[in-house]
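K.L.:
compute the structure for the input listed below.
(one chain, ligands or ions: 1)
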Amino acid sequence: MSATARKTAPMPEDIRARKGGVPLVSLTAYTTPMAQFMDAHCDFVLVGDSVGMVLHGLPSTLGVTMEMMILHGQAVRRGLSRAMMVVDMPFGSYEAGPEEAFRNAARLMSETGAGAVKLEGGVAMAPTIAFLVARGVPVMAHVGLTPQSINTLGGYKVQGRGDAAAALMADARAVTSAGAFAVVLEKVPAALADRVTAEVGIPTIGIGASAGCDGQILVVDDMLGLFTAFRPKFVKRYATLGEQAEAAVAAYAEEVRARAFPGPEHVFAETAGGKS
Ligand code: KIV
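P.N.:
A predicted model of the protein is given here:
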């Protein structure tokens, strides 16, 4: 069912059932108004930990906290009625062990109303994913380039090239067996993304992967041209809102300095009988 035709948000199992069907559509969101723009068009919206870089000016996602994810999760939830919301587990909230991961995942879900959480990692995180799923927490996995591990990966490089393809395939298989309902494939060669998509029984959600994935996700500020600090090859800009915003601010500044704003239509008459 298309997002526009749907009256209520899909559940993680509905997303899982879309394997091999019409591609799943998703974007990140961090605020209520952005979520409202997406609600009719996306199957799910991710409150990504990219919020740290995109909205808070952090140099990476490593400084993102549970409190930030909860605050932005609550804001996004208020803007959605038809798309499912997934919230990222921030760095340090799940890696130490399954119990701590459960406590934090439960907090994210109960305090934001998220339908699922997302966490990064393959084989190493499979036991944690299984622990969460067995206790009622739907998990979206994330393999390939996992930005929370940039310090061990050596930067934002393409993952799974050459001999590394087998490990990436093992990661995707492990999260599938652990019970994840979908898996994000970030920055992997297109042919490998297609092989993973053919191999695993859950939807693959590509970002810098392949049009053959079961769905796609982008960081909303990237695709709107609002986040201009860097522009990865896999981002297609559907708008140039950053340029428009700067031009609008410049025009406003010029008009204020020239006393051209506010104009007569923006000010109030002394009596209510005049123009409001
Ligand atoms: O935090 C994020 O934005 C992500 C991506 C998959 C879009 O995890």
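K.L.:
near the ligand, which residues of the protein are found?
P.N.:
Thr28, Leu46, Gly48, Asp49, Ser50, Asp88, Val184, Glu186, Ile207, Ile217, Val219 (CB under 6 Å from any ligand atom). Glycine gets a C-beta too; all of them are placed from N, C-alpha and C.
K.L.:
kindly reformat the residues you listed as a markdown table containing secondary structure, neighbour count and pLDDT.
P.N.:
Output for the residues of the chain next to the ligand, formatted as a markdown table (DSSP: H, G, I helix; E, B strand; the rest coil; neighbours: other CB atoms under 10 Å; pLDDT from 0 to 100):
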| residue | secondary structure | neighbour count | pLDDT |
| --- | --- | --- | --- |
| Thr28 | strand | 26 | 98 |
| Leu46 | strand | 29 | 98 |
| Gly48 | coil | 28 | 98 |
| Asp49 | coil | 29 | 98 |
| Ser50 | coil | 22 | 98 |
| Asp88 | strand | 28 | 98 |
| Val184 | strand | 28 | 98 |
| Glu186 | strand | 22 | 98 |
| Ile207 | strand | 25 | 98 |
| Ile217 | strand | 25 | 98 |
| Val219 | coil | 22 | 97 |
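K.L.:
the stretch 101-250 of the chain: helices as residue ranges?
P.N.:
With helices called from DSSP state H, counting those that start in this stretch, the stretch 101-250 of the chain shows them at 126-134, 150-153, 164-178, 190-199, 220-223, 241-257.
K.L.:
touching the longest one from outside, list them.
P.N.:
Under the criterion CB atoms under 8 Å, 6 or more residues apart in numbering, residues Leu224, Gly225, Leu226, Phe227, Thr228, Ala260, Phe261 lie in contact with helix 241-257.
K.L.:
which non-adjacent residue is nearest the fifth one?
P.N.:
Nearest in space to Thr228, with sequence neighbours left out and distances taken as CB to CB, 6 or more residues apart in numbering, is Gly242 at 5.0 Å.
K.L.:
repeat for the last one
P.N.:
Taking CB to CB, 6+ apart as the measure, Phe261 lies nearest to Glu255, with 3.8 Å between them; neighbours along the chain are not counted.
K.L.:
how close does that neighbour sit to the ligand?
P.N.:
36 Å (CB to the nearest ligand atom, to the nearest Å).
K.L.:
what does Gln74 give?
P.N.:
Gln74 is 17 Å from the ligand, by CB to the nearest ligand atom.
K.L.:
got the contact list for the residue nearest to that residue when sequence neighbours are not counted?
P.N.:
Using CB to CB, 6+ apart and skipping the chain neighbours, the partner closest in space to Gln74 is Thr112 (5.3 Å). Contact analysis of Thr112 by CB under 8 Å, 6+ apart lists Val47, Met69, Ile70, Gly73, Gln74, Val76, Arg77, Met85, Val87.
K.L.:
need those in TSV with secondary structure, can you?
P.N.:
What follows is those, written out as TSV (DSSP: H, G, I helix; E, B strand; the rest coil):
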residue	secondary structure
Val47	strand
Met69	helix
Ile70	helix
Gly73	helix
Gln74	helix
Val76	helix
Arg77	helix
Met85	strand
Val87	strand
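K.L.:
done for today, thanks.
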